[in-house]
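K.L.:
after the sequence you'll find the predicted model.
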Amino acid sequence: MTQLKEFTMSSARPLPVLLLADISGSMASDGKIQSLNHAMREMISTFAQEDDLRAEIHVGVVTFGGAQAKQHLAIGPAKQVTWSDLPASGSTPMGSAFRLATQIVEDRALIPSRAYRPTVVLLSDGQPTDEWKASLDTLLKSERGGKAFRMALAVGADADENVLKAFLNDPEARVFRADEARQIRQFFRLVTMSVTSRSRSQNPNAAPPTAAAGAKLPADEGWDL
Amino acid sequence: MLRALGASVRGPAHTAEGLANQDAWSARVGARGALAVVCDGMGSKPHARLGAISAVAAARSAFGHWVRASNGRPEDLARLTEVLWRLRLGETPPEQAATTCLLGALRPDGSGAALQLGDGLIGVLRPDNSFTVLTPERTTFGSLSVGLGVRHGLTDWGLHTVTPLPPGGALILASDGVADDLQPKRWADFVTWLVSDVACDPAPVRRLQRELRAWPVPHHRDDKTVVVLWNTPDQ
């Protein structure tokens, strides 16, 4: 047997996906939090079952609801994730979530430098209740945070689309909308498709087509949110 | 006495897609010194393979001029390589032939230069088993490489003067397909294994190719190239 195994990594190059999820009190209405939990389970399960990939998909979840953001799920291989449902309560400390996201993305112990560019997904149904601009600026200007792919979902009519657009920081990128709870699931299918297509591609660091504003999603799949 | 060993194998991704190996390499030891080159053509570019092969050829030509000059600095070798690479490309737009470029250039006394533009690994193993990484620490993520054909300046090159390699010393160059999958704590052991085990095989290049093809990291996909130059202790 080759001795190389002694010198090499035992795991594949990670492709990290970090979700910043709004779990403020308003997410408890209209089945939104249930839909989010269902969608997360489905996405993690799909990632865990993928085996024809160039990378190992890692998933982490930061939640913001209440006094400050929390790491609900430490970033790690999707295959090892045991999902516990998110509750919904409190205010919307999105700035705190951006600060925690910056810490995670910049931490080379959590996301090693051999990893592919991470995807950071922001989902919110309301307006930030803390100071968020400076925190977002820090995330976007950080060495690694600025290189992450970003996707955003505005849930319901009260979501602050301008904040989500600022998060995307790309005039060509599109804020997706979910007017009904079931569309949260559709959005997560889109995230899943985007991540797995990157992971199967020759260059997982290339921008996925779904990141563009004009991206055409197959209507019969119900992707168009 | 300086010796060299190197090999490159196509990664599973290119094999599956029916594409050729996009890495190119060279390792030569002669009366005028030794040169090791590893170039990793950026797979997303249509002429990446041509870019990598041209960069190796350019480095070899550049070394021929550089090693004759007693005052040649690492940046001189980088500049020469850049110009010769563009000339070799002819009408092919450089941005369509982007490639990383790693060079180890040693004079007969073992001193010389190590140059790096883009991803990969260059390191020096000393006889006391200490390993010095010449590659700057990556601040972002894998495969976001600068290279020939990608907008850059001389400051993007890693430029190092190599003090004479004593007997038992070694200089390693590896493309990111190898470098990113090695445990940093085992770099020295990896080089020692190449020099004291693989290089002693009756058919060392074939052995190294076989080892690289049997790469044990799950889901590995990249082409893999490694070259080592070393100074053998007197027998």
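P.N.:
Yep, that arrived.
K.L.:
touching chain B at all, the lowest-mean-pLDDT helix or strand in chain A?
P.N.:
One helix or strand of chain A scores below all others by mean pLDDT, DSSP states H and E: helix A:182-200, with a mean of 83. No. Residues of helix A:182-200 are not located near chain B by Cβ under 8 Å from any Cβ of the partner chain, the shortest gap being 8.9 Å. C-beta here means a position set from N, CA and C on the backbone, and glycine is covered the same way.
K.L.:
and that helix, what does it pack against?
P.N.:
Helix A:182-200 sits against strand A:14-22, helix A:32-49, strand A:56-64, strand A:119-124, strand A:149-155, strand A:175-178, with contacts defined as 3 or more Cβ pairs under 8 Å, 6 or more residues apart in numbering or on different chains; DSSP states H and E.
K.L.:
ok, which of these comes nearest chain B?
P.N.:
strand A:56-64 (6.4 Å; Cβ to the nearest Cβ).
K.L.:
just the CA trace of the closest one, in CSV.
P.N.:
Taking Å, rounded to 0.1, in the frame of the first residue of the first chain, the C-alpha atoms of strand A:56-64 are listed here in CSV:
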residue,chain,number,x,y,z
GLU,A,56,-16.9,17.8,0.2
ILE,A,57,-19.8,20.1,1.0
HIS,A,58,-19.6,21.7,4.4
VAL,A,59,-22.6,23.4,6.0
GLY,A,60,-22.9,25.9,8.8
VAL,A,61,-25.8,28.0,10.1
VAL,A,62,-25.8,31.3,11.9
THR,A,63,-29.1,32.4,13.3
PHE,A,64,-30.2,35.9,14.2
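K.L.:
mind listing the strands it pairs with, and their directions?
P.N.:
Applying DSSP bridges, strand A:56-64 is found paired with strand A:14-22 (parallel), strand A:69-77 (antiparallel).
K.L.:
quick one: check whichever helix or strand comes after the last one for contact with chain B.
P.N.:
Heading C-terminal from strand A:69-77, the first helix or strand you meet, by DSSP states H and E, is helix A:94-106. No. Helix A:94-106 lies out of reach of chain B by Cβ under 8 Å from any Cβ, never closer than 9.6 Å.
K.L.:
so which residues make contact with helix A:94-106?
P.N.:
With contact meaning Cβ atoms under 8 Å, 6 or more residues apart in numbering or on different chains, helix A:94-106 is reached by A:18, A:20, A:22, A:60, A:62-64, A:68-71, A:75, A:110-111, A:118, A:120, A:124, A:128-136, A:138-139, A:142-145, A:148, A:163.
K.L.:
chain center to it: distance?
P.N.:
How far helix A:94-106 lies from its chain's middle: 12 Å, per Cα atoms, centre = their mean, to the nearest Å.
K.L.:
so which bits of it are buried?
P.N.:
By neighbour count on 16 or more other Cβ atoms under 10 Å in any protein chain shown, the buried set for helix A:94-106 is A:Met94, A:Gly95, A:Ser96, A:Ala97, A:Phe98, A:Arg99, A:Leu100, A:Ala101, A:Thr102, A:Ile104, A:Val105, A:Glu106.
K.L.:
that helix vs strand A:14-22, what angle?
P.N.:
Between the axis of helix A:94-106 and that of strand A:14-22 there is an angle of 170 degrees, by axes from the mean of the first three to the mean of the last three Cα atoms, to 10 degrees.
K.L.:
state the distance from the residue of chain A found nearest chain B to B:Asp180.
P.N.:
Chain A approaches chain B most closely through A:Ala12 (3.6 Å), counting by Cβ to the nearest Cβ. Going from A:Ala12 to B:Asp180 by Cβ to Cβ, to the nearest Å gives 11 Å.
K.L.:
what's the helix ranked longest in chain B packed up against?
P.N.:
Secondary structure of chain B per DSSP state H: the longest helix is helix B:48-66. Under the contact definition 3+ Cβ pairs under 8 Å, 6+ apart, helix B:48-66 sits against strand B:23-30, strand B:33-40, helix B:74-89, strand B:101-106.
K.L.:
how far off centre is that helix?
P.N.:
The answer for helix B:48-66 is 12 Å, by Cα atoms, centre = their mean.
K.L.:
spell out which parts of chain B neighbour chain A.
P.N.:
Counting by Cβ under 8 Å from any Cβ, chain B comes close to chain A at B:13, B:17, B:43-44, B:137-144, B:180-183, B:186-187, B:189-190, B:193, B:197, B:211, B:214-221.
K.L.:
okay, and which of those map to helices?
P.N.:
Residues of the residues of chain B next to chain A located in helices (DSSP H): B:Ala13, B:Glu17, B:Trp187, B:Asp189, B:Phe190, B:Trp193, B:Glu211.
K.L.:
mind listing the residues bridging to the residue nearest to the third one when sequence neighbours are not counted?
P.N.:
In space, B:Trp187 comes closest to B:Phe131 once its chain neighbours are excluded; the distance is 4.9 Å by Cβ to Cβ, 6 or more residues apart in numbering or on different chains. For B:Phe131, the beta-bridge partners under DSSP bridges are B:Leu125.
K.L.:
which single residue in chain B comes nearest to chain A?
P.N.:
B:His219 (3.6 Å).
K.L.:
that residue: neighbour count?
P.N.:
Residue neighbour count, defined by other Cβ atoms under 10 Å in any protein chain shown, stands at 15 for B:His219.
K.L.:
that one: what's it in contact with?
P.N.:
Counted by Cβ under 8 Å, 6+ apart, B:His219 has contacts A:Ala12, A:Arg13, A:Leu53, A:Arg54, A:Ala55, A:Glu56.
K.L.:
go on, B:Val9?
P.N.:
Contact analysis of B:Val9 by Cβ under 8 Å, 6+ apart lists B:Asn21, B:Gln209, B:Leu212, B:Arg213, B:Asp223, B:Lys224, B:Thr225.
K.L.:
rewinding a little: and the residue of chain A closest to chain B, which helix or strand is it part of?
P.N.:
Judged by DSSP H and E, A:Ala12 forms part of no helix or strand.
K.L.:
so where's chain A shaky on pLDDT?
P.N.:
Within chain A, the ranges that satisfy pLDDT under 70 run A:1, A:51-53, A:202-203, A:206-225.
K.L.:
for it, which residues are neighbours of chain B?
P.N.:
Within reach of chain B by Cβ under 8 Å from any Cβ, chain A has these residues: A:2-13, A:53-56, A:111, A:113-118, A:143-144, A:147, A:202-206.
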